[in-house]
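*Asks:* What follows is a predicted structure for the sequence shown.
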Amino acid sequence: MIRIIFAIVVMLHGLIHLMGFVKAFRLAGIKGLSMDITRPAGMLWLAVALLFTASGVLVLIEYDPWWMTAAAAVVFSQLLVVLYWHDAKFGTIANVIVLCGAVIGFGIWSFNAGLRAELARFAVPAAAEKRILTRDAAAGLPPAVRTWLERSGAVGKEIARSVSLKQKGMMRTAPDGKWMPVTADQRIITGSPAFIWIAEVAAAPGIFLSARDTYREGKGRMYIRALSLFPVADAGGPEINQGALTRYLAELVWVPSAAVNDYVRWEDAGPGAAKATMTWGGITASGVFTFDANGDMTGFRAHRYYDRKGGATLEEWIIRIEPGGYREFGGVRIPARFSVTWHLKNGDFTWYKMELSDIRYNE
C-alpha cells in the first residue's frame, strides 16, 4: 500500500510540472505562475514531468532501478525550483520526499544486486545425480524415521537435490517485544548442505528490515539492513556456523528424502523419537525429532547458540509443529505451520511463528 501511495505522489508531482510547460507555450492561463517561462525552459518542465511520471510507473511495476529515473527527475526539478523560486519553492518539499524514496530504492536495488550474486552460488549442477528414495535405502534407519518417510510420501519419489520455498509469519526479538510480520523465500541444497533465507521484516509503518541468512561450505552468516540500506548486523563465526548447521538439520522436516544422505547419522531415541547427528565443515550438530503414533513429525529439540549482550550461550532450541499443520506439496506431506522457541532459565521465549505457503523440489 505504501508503495502505491508513493507512486501516486511521484506521478502527481510530475503532473504539476506540466504547468510550467503550459505557461511557456501559452496553452492556457496558469494563475499560480506569475514569472515568465521561456519555451526552452518549458521543454525542461515537460521533460521533468515525464521523468516523474515514468518513475511512478516503474515503482508500481516494482522495477528495481526506478530510483535512477527518479533521482534525475529530482535534480532537474530542483534546478527549476531554484530558477523559479518565487512560484515553485514549495516543490522542494515534494522533491525531498521523492529523494528519500529514491535513496531507499537505491538500498533495495543494491541489496538485491548482492542477493542475485549470492543466489548464483546456490545452483545445483546440471549433472547432479538423480536418485529415487527406496525402502531399501531407508532400511537401516530407526523405526520412527522409516514410518515418517513412508507417511510423508517421499518413498518412491526422487530424492530432493534442491528445495525452494516461501514463508510468511511473525517474529520478535525479545520476550516482551512486539510481533513483526515477516515474508521470506528460502532455497535449500542437499548435496553439499547449504541454504539461503531471504526475508523482509515490517518493523514499523514505513520501516522494514532486509535479512539474509546463509549456510554454505560449513559457514553461516546473518546479514541485516534497515530499509535495505543501513547495516544492522553482519554476523559470522563459530557460534553462527553451529547455529546454521543446527537449523539445516531441523529443516529436514521439509526435505524428508534428505534424511538418507550420508552426512546425517540417526539413532533410536525411544518410542516416537530419533536423534539425528550431522557433521559438516568440521562442525557437528545434533537434535531429537519426535513423532506421533501416525508417523507425523511433531517437533525438534537441539542446543544452539543464543546471542545475548554478555556473549552467546548454548541454550535449548525447540521447534513445535502445530497439530493439523500439515500440507501436501508435490505429493510430499510436510509440516506447514510451526513455532520456534528458546527454552531459557527465566522461561520460554517463542520468537518466531511461521507458515509455509509454497515449496518446490528440484527446480
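*Replies:* Okay, I see it.
*Asks:* what comes up buried for stretch 233-244?
*Replies:* 239-244 (16 or more other CB atoms under 10 Å). Any C-beta I mention is one placed from the backbone N, CA and C, and that applies to glycine too.
*Asks:* and that stretch, how far apart are its ends?
*Replies:* 16 Å (CA to CA, to the nearest Å).
*Asks:* hmm, back to that, using JSON lines, please lay out the buried residues of stretch 233-244 together with distance to I132.
*Replies:* Shown next, in JSON lines, are the buried residues of stretch 233-244 (distance: CB to CB, whole Å):
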{"residue": "E239", "distance to I132": "38"}
{"residue": "I240", "distance to I132": "35"}
{"residue": "N241", "distance to I132": "32"}
{"residue": "Q242", "distance to I132": "33"}
{"residue": "G243", "distance to I132": "33"}
{"residue": "A244", "distance to I132": "29"}
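*Asks:* What is the nearest of those residues to D64?
*Replies:* For the buried residues of stretch 233-244, the closest approach to D64 (CB to CB) belongs to A244, at 27.9 Å.
*Asks:* what about the closest one, which helix or strand?
*Replies:* Per DSSP states H and E, A244 falls inside helix 238-250.
*Asks:* Return the distance of that helix from the chain's centre.
*Replies:* Using CA atoms, centre = their mean, to the nearest Å, the mean C-alpha position of helix 238-250 is found 18 Å from that of the whole chain.
*Asks:* Quick one: name whatever helix or strand follows it.
*Replies:* Remark: after helix 238-250, the chain's next helix or strand is strand 264-268, criterion DSSP H and E.
*Asks:* Other residues contacting that following strand?
*Replies:* With CB atoms under 8 Å, 6 or more residues apart in numbering as the test, strand 264-268 has contacts from 141-145, 249, 252, 258-259, 274-279.
*Asks:* That one versus helix 238-250: what angle between them?
*Replies:* Computed with axes from the mean of the first three to the mean of the last three CA atoms, to 10 degrees, the direction of strand 264-268 lies at 70 degrees from that of helix 238-250.
*Asks:* can you pull the buried residues of strand 264-268?
*Replies:* Applying 16+ other CB under 10 Å to strand 264-268 flags 264, 266 as buried.
*Asks:* in the stretch 151-300 of the chain, which segments are predicted with low confidence?
*Replies:* Scanning the stretch 151-300 of the chain for pLDDT under 70 picks out nothing.
*Asks:* how about the strands in it?
*Replies:* 162-171, 180-189, 194-204, 207-216, 219-226, 230-235, 264-268, 273-280, 283-291, 297-306 (DSSP state E, counting those that start in this stretch).
*Asks:* Could you name the helices and strands sitting against the first one?
*Replies:* Packing contacts for strand 162-171, counted by 3 or more CB pairs under 8 Å, 6 or more residues apart in numbering; DSSP states H and E, involve strand 180-189, strand 347-361.
*Asks:* out of those, nearest to R131?
*Replies:* strand 347-361 (12.9 Å).
*Asks:* Show me what that closest one is packed up against.
*Replies:* Using 3+ CB pairs under 8 Å, 6+ apart, strand 347-361 sits against strand 162-171, strand 326-329, strand 332-335, strand 337-344.
*Asks:* redo that, cut-off 6 Å
*Replies:* Counting contacts by 3 or more CB pairs under 6 Å, 6 or more residues apart in numbering; DSSP states H and E, strand 347-361 packs against strand 162-171, strand 337-344.
*Asks:* ok, and what's touching the longest one?
*Replies:* When you say that, I think you mean strand 162-171. 124, 179-180, 182-189, 255, 351-363 (CB atoms under 6 Å, 6 or more residues apart in numbering).
*Asks:* From those residues, list the buried ones, please.
*Replies:* Burial by neighbour count, 16+ other CB under 10 Å: within these this picks out 124, 180, 182, 184-189, 255, 351-354, 356, 359, 361-362.
*Asks:* Pull stretch 261-276 out as PDB, backbone CA atoms only.
*Replies:* Once non-C-alpha atoms are left out, stretch 261-276 reads as follows in PDB (Å, rounded to 0.1, in the frame of the first residue of the first chain):
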ATOM      1  CA  ASN A 261      22.100 -38.700   3.000                       C
ATOM      2  CA  ASP A 262      25.500 -39.900   4.400                       C
ATOM      3  CA  TYR A 263      26.100 -36.700   6.400                       C
ATOM      4  CA  VAL A 264      23.200 -37.500   8.700                       C
ATOM      5  CA  ARG A 265      23.500 -40.300  11.300                       C
ATOM      6  CA  TRP A 266      20.300 -41.500  13.000                       C
ATOM      7  CA  GLU A 267      19.900 -43.200  16.400                       C
ATOM      8  CA  ASP A 268      16.800 -44.600  18.100                       C
ATOM      9  CA  ALA A 269      15.900 -42.200  21.000                       C
ATOM     10  CA  GLY A 270      13.000 -44.200  22.400                       C
ATOM     11  CA  PRO A 271       9.300 -44.600  21.400                       C
ATOM     12  CA  GLY A 272       8.300 -41.900  18.900                       C
ATOM     13  CA  ALA A 273      11.800 -40.300  18.900                       C
ATOM     14  CA  ALA A 274      15.000 -40.300  16.900                       C
ATOM     15  CA  LYS A 275      18.300 -38.500  17.300                       C
ATOM     16  CA  ALA A 276      19.900 -37.100  14.200                       C
END
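*Asks:* Just confirm R308 is within a helix.
*Replies:* No. According to DSSP: H, G, I helix; E, B strand; the rest coil, R308 belongs to no helix; its state is coil.
*Asks:* Per-residue confidence, it, what does it come out as?
*Replies:* You'll see R308 listed with a pLDDT of 79.
*Asks:* Kind regards, and thank you for your time.
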